[in-house]
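Undergrad: dropping a prediction and its sequence here:
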Amino acid sequence: MNANESSSSENELNRDLVKKLEELSDKSHQNADCFQSAKPMINEAALWSLLGVVLWLLILAVVA
Amino acid sequence: MSNQEININNKVEAEALEGRIPVLASERIYKSYSSILWTCCTFSAATWAFLIGSYLPYVGDWRIGVAGYAIGLLIGMALVTLASGVPSHKYGTDVIDSAKSSFGYRGIIIPLFGLLATLIGWSYVVEALTARGTANIVSTINGSEISETMVVSLGVLVLLFVWLVTSKGPKLFEKINNYVGPAMMIITVVMFWILFDTYGLGYLWNTQLPKEDMITNDPVRGLALAIEFGMANAMTWWPVMGGLTRLVEKRKHVIGPSVMGVGVLGAAFIAAVAALSSISAGTYDPTIWMIELGGPVLGSVCLGIVMISNLATMVVMFYLAGVSIQQIKLFSRMKWGVLMGVIILPGIYFAFNTEWLLSSVMSWLSYNGVMFVGITGITLVDYFMLRNQEIEPASLFATKGSRYEYWSGVNWVAVAIVGLSTAAYLWLYNPITAESAYLFKYLGASLPIVLISGLVYYIAARIILVRLKKGSYNLPGVSLRSAVLDSDSPEKTLKVAL
């Protein structure tokens, strides 16, 4: 690949990046499920962690 | 839409999936709970899961070892997926790009180094395990000695196969993993059944390693060690989870499949079988005991699937490394297939040195998860507590004028906390010598260090960064700027580039 081809491909990639970043601010992406609040994911992660902590304490109580 | 427009859209989608361009909600390839669950499971369930599982009986009691390991993975994977996976899921950006909001565009060299060491380092380890494992199977069936030529040839073949699959992009391995993941779980159940059938439940439940071989005979410290094995393993998933969740469509498919797939099914369950086999059959390595106990036909079929699972793991790791390494300009200009070739090629050297790799590099890789402990704490607090889940996507691809410019692209506060957290971790627990401080017995090392590094970063950001107006922590709710290729008005637009 020569320098011109490389630079043109880089410019093309950067134009695609700008296009994607614009689309990221569009209503279609902002209304998508992934763009909504992370609260359900925080709750789910807290539940898994809590399960781990409860099991930790239970086993500690048995072996200590 | 014309054919030309469709072609352009397909090309841009491929560039996003194979590069750092954000992946939009409509382009995500993981659309169901099971598809991402099985990818996580396949990724986690390589032969290394057996290797790690074989260490669990050394904590004093294999039952405490397995339970503690599962607990560490439950807590650790939940934290790591929040820290690394959630921002990348929202914005479709690679984990290293998302981390620029806390480390700066030059500061991300630290997590990037950790990511490449983890993904590429472990890929070569899996290559060595696969080459030697397959040679083991062939030699056991033929009743011959393992030939080094065969190991080298198998290693090269493995690399060639992995290059061919990764060159096709993530859509192909998403399809493959839908079969490999469940198959691997079935094989693990078969392995457990063979052990149960051969030795009986009573023998398996009560047998332990000799007392003099144990790291500790104190059950409380043994539990802490096992939990730490799980937590440390989970920390090494920080570079991975963001790369995977940017391909996931819905929020409800992010946390559960990561904890269940990586932690419970892919790691804890397999580690339990490995722990049982190492105390009963005398070795963790299924390529040795499976044919002996299961017979040549059943043993070979099972091990064939284990080896395929290894290949699937390598494919996902090289894909994620390929996306992130494009942060380095030289690599971002390469075509995807060439880039994959460049990353995979050094594996040929390791194909000639599998024994050395498995004996020497494993020790170094033990330290590998340590640096992600501080990074997890910082990225967790930065995204959820300091930025209220809002980052400016254009700033992740900009240098001058980026909201995350800090000091010439480096957030020295975050860098210092990563250094301090690594030192604090090694003071609490040294993964090579297994020496530990008193507190380790009750708290482990990863969990307190993640929490403390997050807390210290929160305080330091409020006291230092907000006052010095670094990192735009004092700009909540400011309207987002448009990304452009050339900016005349830095207030409204931002110049971006890959």
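TA: That came in fine, so what should we check first?

Undergrad: what's B:Ser54 in contact with, if anything?
TA: B:Ala274, B:Ala275, B:Ser277, B:Ser278, B:Thr283, B:Tyr284, B:Asp285 (Cβ atoms under 8 Å, 6 or more residues apart in numbering or on different chains). C-beta coordinates here come from the backbone N, C-alpha and C atoms, glycine included.

Undergrad: what's the farthest-apart pair in these?
TA: B:Ala275 and B:Asp285 (12.8 Å; Cβ to Cβ).

Undergrad: so what's B:Ile343 up against?
TA: For B:Ile343, the contact set (Cβ under 8 Å, 6+ apart) comprises B:Ile120, B:Phe318, B:Ala321, B:Gly322, B:Ile325.

Undergrad: element containing it, please.
TA: Per DSSP states H and E: B:Ile343 is located in helix B:336-344.

Undergrad: and that helix, C-alpha only, in CSV?
TA: Output of helix B:336-344 as CSV, limited to C-alpha atoms (Å, rounded to 0.1, in the frame of the first residue of the first chain):
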residue,chain,number,x,y,z
TRP,B,336,-8.0,-6.7,9.5
GLY,B,337,-6.7,-10.0,8.1
VAL,B,338,-3.1,-8.6,8.0
LEU,B,339,-3.4,-7.2,11.5
MET,B,340,-4.6,-10.6,12.8
GLY,B,341,-1.6,-12.2,11.0
VAL,B,342,0.8,-9.7,12.7
ILE,B,343,-0.6,-10.5,16.2
ILE,B,344,-0.8,-14.2,15.6
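
Undergrad: hmm, B:Ala461 is touching B:Leu386, no?
TA: Yes. Using Cβ atoms under 8 Å, B:Ala461 makes contact with B:Leu386 at a distance of 5.6 Å.

Undergrad: tell me, what's touching the two both at once?
TA: Common neighbours of B:Ala461 and B:Leu386 (criterion: Cβ under 8 Å, 6+ apart): B:Tyr473.

Undergrad: shaky segments in chain A?
TA: A:1-7, A:9 (pLDDT under 70).

Undergrad: how about the helices in it?
TA: Listed in chain order, the helices of chain A (DSSP state H) span A:3-25, A:27-30, A:39-63.

Undergrad: contacting residues around B:Ile378?
TA: B:Ile378 touches B:Ser102, B:Phe103, B:Ala414, B:Ile417, B:Val418, B:Ser453, B:Gly454, B:Tyr457, counting by Cβ under 8 Å, 6+ apart.

Undergrad: phi, psi of B:Ser32?
TA: Per-residue torsions, B:Ser32: phi -130, psi 160 (degrees, to the nearest 10).

Undergrad: nearest to chain A, of the contacts of B:Ile378?
TA: For chain A, the nearest member of the contacts of B:Ile378 is B:Gly454. The distance, counting by Cβ to the nearest Cβ, is 13.9 Å.

Undergrad: tell me how many other residues surround the closest one.
TA: B:Gly454 has 24 neighbours, counted by other Cβ atoms under 10 Å in any protein chain shown.

Undergrad: report the secondary structure element holding it.
TA: Judged by DSSP H and E, B:Gly454 forms part of helix B:446-460.

Undergrad: helices or strands next to the helix or strand that that helix is followed by in the packing?
TA: Later in the chain than helix B:446-460, the nearest helix or strand by DSSP H and E is strand B:482-484. On a contact count with 3 or more Cβ pairs under 8 Å, 6 or more residues apart in numbering or on different chains; DSSP states H and E, strand B:482-484 meets helix A:3-25, strand B:493-495.
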